[in-house]
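Asks: Here is a sequence together with a model predicted from it:
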Amino acid sequence: MTISPPLERLVGSQQPRVSSVPDCVSSAGVEAVELAALAGLELDPWQQLVLEGALGERSNGRWSAFEVGLIVPRQNGKGSILEARELAGLFLLGERLIIHSAHQFDTSLEAFRRLLSLIEGTPDFDRRVKRVSRAHGEEGIELRGGQRIRFRTRTKGGGRGFTSDCLILDEAMILPESAHGALLPTLSARPNPQVWYTASAVDQYIHEDGVVLARVRERGLAGDDPALAYYEWSAEASLPAEVTEDLAGDEDAWAEANPGLGIRISTEHIARELRSMDPRTFAVERLNVGDWPNPDGDDAVIDPKRWKFLADPASTITGRPCFAFDVTPDRAWGAISVAGARPDKWAHLELVEHERGTGWLVDRVAGLIVAHNAIGVVVDGRSAAVSLVPALEDLGVKVTIASAKDHAQAFGMLMDAIEQGTVRHRESPELNSAVRGAAKRKLGDEGAHTWSRKSSATDICPLVSSNLALWGFLTNLGEQRRAAPRVIDLNAIEDDE
């Protein structure tokens, strides 16, 4: 009988793919690691690395890092780092108040229970506890020496009135600017404060409040903030749509993004996730490849608040609609949108479908045109989607190919409709994401603009297809045309190849 040698166990990278750590002369991190061990909390090398860098000290004894950013996929052991930091704050550093904030109450409660279990399981710690509050929304621990930690669910005003030494912002991929603004001033009166942002990657499809973390990440990537310690474990891709099948299935990429691989996450489990999750979710949740919002959220082309105001889940089309489709430059994703007249004569916009690849588009577009007796379908003549036109024409579908001038006109019409409130849309995560991350580019020398695929922070084909559907409906394609578009002199504009 031949016995096969055991398979080599794949272990996640203990070094982050991206890091930026301020200079220091010493670190309290080593003592924090030893203190955690007394409570039975044995930290992995990567967890120790984060603590030692985050708790680096300058020559005057102050933290070298006022802010700490840690972005790592779920279930890798981020919570243990926070527990070690909080134990150090209470029993080593003498911090008077630590505030642990999370987006969800359940997350905050679980963090409280885990820290309390570590303390109660360590006699040297437990005997120093004066009071434990378990009341709903008032969870916290107070030591006999006056040190306290309070666990809070984030609200607009939560944290006001407190003065804390350490602020933990867990689940920071969902951190409203109002909550951030309420909590951050709690540190201002303390001599040696520190704030932690811990999270997995932002996905604009589901995280509407990711701008605060995106700003932290932007500074971390630049590496030029002398008071920010930043650590990120992720696969090397800029957007979820850039994660190919080969990259998603690459175990080396799994290890690069997941430092807990082979320790608390198995390759078998990740393989099951790969089979079960849709590709985008796997890219974000397991490979930590985010769909990050523009850090300068105030500079968004379309005001997100205005866009949200124009959402109408009950909006419907009366009469014949117009469709449009678009494809990302790498052909990884496609989208179909529709526009038409509402009963109140305003325009209706809706993302019909947004799926991976292009193989599904031709039959789906042809079916929609017939099923809804559409007035037509539009495609951007300079997008990757134009290659599908011959196949549609073979099925008897006439496609209107929009030029760069048409696209500039469409951009102006959409912006006017948003400003004037004459359009309503069926809200969808994909379209909202495209609106938040879209960038524009100048077309020619006459001040006209169109959407920039290259500069946008996310997949904008849901927005491009919606914009072109509106253009098709409001111009010569539309039997329901009811208002003249904004007058723009497009004669001097040349197609920008």
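Replies: Received it, and whenever you're ready, just let me know what you need.
Asks: Any stretches of this protein with poor pLDDT?
Replies: In the predicted model, the chain carries pLDDT under 70 at residues 1-9, 155-162, 296-299, 444-446, 476-497.
Asks: the domain parsing of it - what is it?
Replies: 18-285, 300-474 (automatic domain parsing).
Asks: For Leu10, find the nearest of those domains.
Replies: Between Leu10 and the domains of the chain, the tightest spacing by Cβ to Cβ is seen for domain 18-285, at 5.4 Å. Where you see a C-beta, it was placed from the backbone N, CA and C, and this is true even at glycine.
Asks: Centroid-nearest residue for the chain?
Replies: Centrality entry for the chain: nearest residue to the mean C-alpha point is Val202, 1.9 Å, by Cα atoms, centre = their mean.
Asks: Excluding residues flanking it in the chain, which one is nearest it?
Replies: Leaving out its chain neighbours, the residue that sits closest to Val202 by Cβ to Cβ, 6 or more residues apart in numbering is Gly210, at 3.4 Å.
Asks: who's in contact with the one you found?
Replies: Met173, Ile174, Leu175, Val202, Asp203, Gln204, Gly290, Trp292, Pro293 (Cβ atoms under 8 Å, 6 or more residues apart in numbering).
Asks: can you pull the contacts of the fourth one?
Replies: The contact partners of Val202, by Cβ under 8 Å, 6+ apart, come to Met173, Gly210, Leu213, Ala214, Gly290, Asp291, Trp292, Pro293.
Asks: returning to that earlier point: can I get the domains of the chain in TSV including distance to Val11?
Replies: Putting the domains of the chain into TSV (distance: least, Cβ to Cβ, whole Å) gives the following:
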stretch	distance to Val11
domain 18-285	4
domain 300-474	31
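Asks: so when I look at Met413, I'm seeing a strand, right?
Replies: No. Applying DSSP: H, G, I helix; E, B strand; the rest coil, one finds Met413 to be helix, outside a strand.
Asks: and Thr473, what element?
Replies: Rather than Thr, residue 473 is Phe. Phe473 belongs to helix 461-474 when assigned by DSSP states H and E.
Asks: So which elements touch that helix?
Replies: Applying 3 or more Cβ pairs under 8 Å, 6 or more residues apart in numbering; DSSP states H and E, we find helix 461-474 packed against strand 318-327, strand 333-341, strand 347-356, strand 376-380, strand 399-402, helix 404-420, helix 429-437, strand 448-452.
Asks: from memory Ile302 sits against Ala434, does it?
Replies: No. Using Cβ atoms under 8 Å, Ile302 is not in contact with Ala434; the gap is 9.5 Å.
Asks: who's more crowded, the two?
Replies: Neighbour count, other Cβ atoms under 10 Å: between Ile302 and Ala434, Ala434 has more, with 30 against 18.
Asks: how many neighbours does the residue lying closest to that one once chain neighbours are set aside have?
Replies: The shortest distance from Ala434 to any non-neighbouring residue, by Cβ to Cβ, 6+ apart, is to Leu463 (3.8 Å). With neighbours defined by other Cβ under 10 Å, the count for Leu463 comes to 29.
Asks: Which residues are in contact with Leu115?
Replies: Leu115 touches Glu83, Glu86, Leu87, Ile141, Ile149, counting by Cβ under 8 Å, 6+ apart.
Asks: Got phi/psi on the nearest residue to the last one once chain neighbours are set aside?
Replies: Leaving out its chain neighbours, the residue that sits closest to Ile149 by Cβ to Cβ, 6+ apart is Ile98, at 4.2 Å. The main-chain torsion angles of Ile98 are listed as degrees, to the nearest 10 and equal phi -110, psi 130.
Asks: Roughly how far does Ile98 sit from Arg190?
Replies: For Ile98, the distance to Arg190 equals 11 Å [Cβ to Cβ, to the nearest Å].
Asks: between these two, who's got more neighbours?
Replies: Using other Cβ under 10 Å, the more surrounded residue of Ile98 and Arg190 is Ile98, with 26 against 16.
Asks: Surely the more buried one is in contact with Leu169?
Replies: No. Using Cβ under 8 Å, Ile98 is not in contact with Leu169, being 12.0 Å away.
Asks: what's near enough to touch the residue nearest to Ala434?
Replies: Neighbour list for Leu463: Leu431, Ala434, Val435, Ala438, Trp451 [criterion: Cβ under 8 Å, 6+ apart].
Asks: which two from these end up farthest apart in space?
Replies: By the measure Cβ to Cβ, Leu431 and Trp451 form the most distant pair in the contacts of Leu463, at 13.2 Å.
Asks: Pull the number of nearby residues for Leu184.
Replies: Close neighbours of Leu184, defined as other Cβ under 10 Å, add up to 16.
Asks: Same check on Val370?
Replies: By the criterion of other Cβ under 10 Å, Val370 has 12 neighbours.
Asks: List the contacts of Glu142.
Replies: Neighbour list for Glu142: Val129, Lys130, Arg131, Val132, Ser133, Arg148 [criterion: Cβ under 8 Å, 6+ apart].
Asks: how about 7 Å then?
Replies: Counting by Cβ atoms under 7 Å, 6 or more residues apart in numbering, Glu142 makes contact with Lys130, Arg131, Arg148.
Asks: And for Pro45?
Replies: Neighbouring residues of Pro45 by Cβ under 7 Å, 6+ apart: Gln14.
Asks: Kindly report the same for Leu349.
Replies: Ser337, Ala339, Val423, His425, Ser466, Leu470.
Asks: measure it to Val377 for me?
Replies: Between Leu349 and Val377 the distance is 15 Å, computed by Cβ to Cβ.
Asks: now do Ala237
Replies: In terms of Cβ to Cβ, Ala237 sits 32 Å off from Val377.
Asks: So which of those two has more stuff around it?
Replies: Neighbours were counted for Ala237 and for Val377 using other Cβ under 10 Å; Val377 has more, 27 against 19.
Asks: My read is that that one contacts Val365, right?
Replies: Yes. Contact criterion Cβ atoms under 7 Å: Val377 and Val365 qualify, at 6.0 Å.
Asks: Show me whatever sits in contact with both of those two.
Replies: Joint contacts of Val377 and Val365 (Cβ under 7 Å, 6+ apart) are Phe323, Phe325, Val397.
Asks: Can you tell me which of those residues has the largest number of neighbours?
Replies: Neighbour tally across those (other Cβ under 10 Å): the maximum, 31 neighbours, falls on Phe325.
Asks: Could you check how far it is from Val18?
Replies: Relative to Val18, Phe325 is positioned 36 Å away (Cβ to Cβ).
Asks: So what's the residue count around Thr358?
Replies: Thr358 has 18 neighbours, counted by other Cβ under 10 Å.
Asks: Over to it. Which of the three states is it?
Replies: Here Thr358 is coil, with the state taken from three-state DSSP.
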